[in-house]
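Asker: sequence? don't have it. structure:
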């Protein structure tokens with residue numbers, strides 16, 4: 001029953017990684033994703049060794065649900081990061097426009 005603990009750990013790490021991504025704590029998020037990947041590989045090995053992925057059963061269905069959950073959470077985290085990136089790019093663009101306007105005004109003052 002080692003795989004039940006792995007399922008729980010992977011769910012928890014996925015939620016943590018998603019939350020960290022939304023909080024812009026990317027280094028910690030990456031650590032959680034790396035840890036989750038190692039556990040996913042271990043889970044797959046355990047399930048394959050016990051032959052639980054070959055037959056249609058509750059464990060195989062749980063594994064598929066877990067993969068779908070990870071994809072959903074990762075997609076939501078990526079979407080949140082994209083929004084943050086767009087906001088940041090908007091601020092940078094606005095600052096650049098303001099800087100250009102200030103430089104133009106300064107050049108006008110210098111030319112007088």
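Answerer: Cool, got the structure. Please read all numbers here as calculations on a predicted model, not as lab measurements.

Asker: Pull the distance from the helix or strand where residue 38 lies to the chain's centre.
Answerer: Secondary structure assignment for residue 38, by DSSP states H and E: helix 26-49. Averaged C-alpha coordinates place helix 26-49 at 14 Å from its chain's average position (CA atoms, centre = their mean, to the nearest Å).

Asker: ditto for stretch 38-54
Answerer: 23 Å.

Asker: between the stretch of helix or strand residue 103 belongs to and helix 26-49, how big is the angle?
Answerer: Per DSSP H and E, residue 103 falls inside helix 58-111. Helix 58-111 runs at 160 degrees relative to helix 26-49, counting by axes from the mean of the first three to the mean of the last three CA atoms, to 10 degrees.

Asker: who's in contact with the closest residue to residue 46 other than its chain neighbours?
Answerer: Nearest residue to residue 46 in three dimensions, chain neighbours excluded: residue 3, at 5.2 Å (CB to CB, 6 or more residues apart in numbering). Yep, even glycine has a C-beta here, placed from its N, CA and C like the rest. With contact taken as CB atoms under 8 Å, 6 or more residues apart in numbering, residue 3 is in contact with 43, 46-47, 50, 52, 59.

Asker: and if we set it to 7 Å?
Answerer: 43, 46-47, 59 (CB atoms under 7 Å, 6 or more residues apart in numbering).

Asker: Just the buried residues out of those residues, in ChimeraX syntax.
Answerer: Restricted to buried positions by 16 or more other CB atoms under 10 Å, the ChimeraX selection for the contacts of residue 3 reads:
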select :43,47,59
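
Asker: which one of the contacts of residue 3 sits closest to residue 110?
Answerer: residue 43 (67.2 Å; CB to CB).

Asker: The closest one contacts residue 5, correct?
Answerer: No - Residue 43 is beyond contact range of residue 5, at 9.6 Å (criterion: CB atoms under 7 Å).

Asker: I'd like to know how far residue 47 sits from residue 104.
Answerer: For residue 47, the distance to residue 104 (CB to CB, to the nearest Å) stands at 65 Å.
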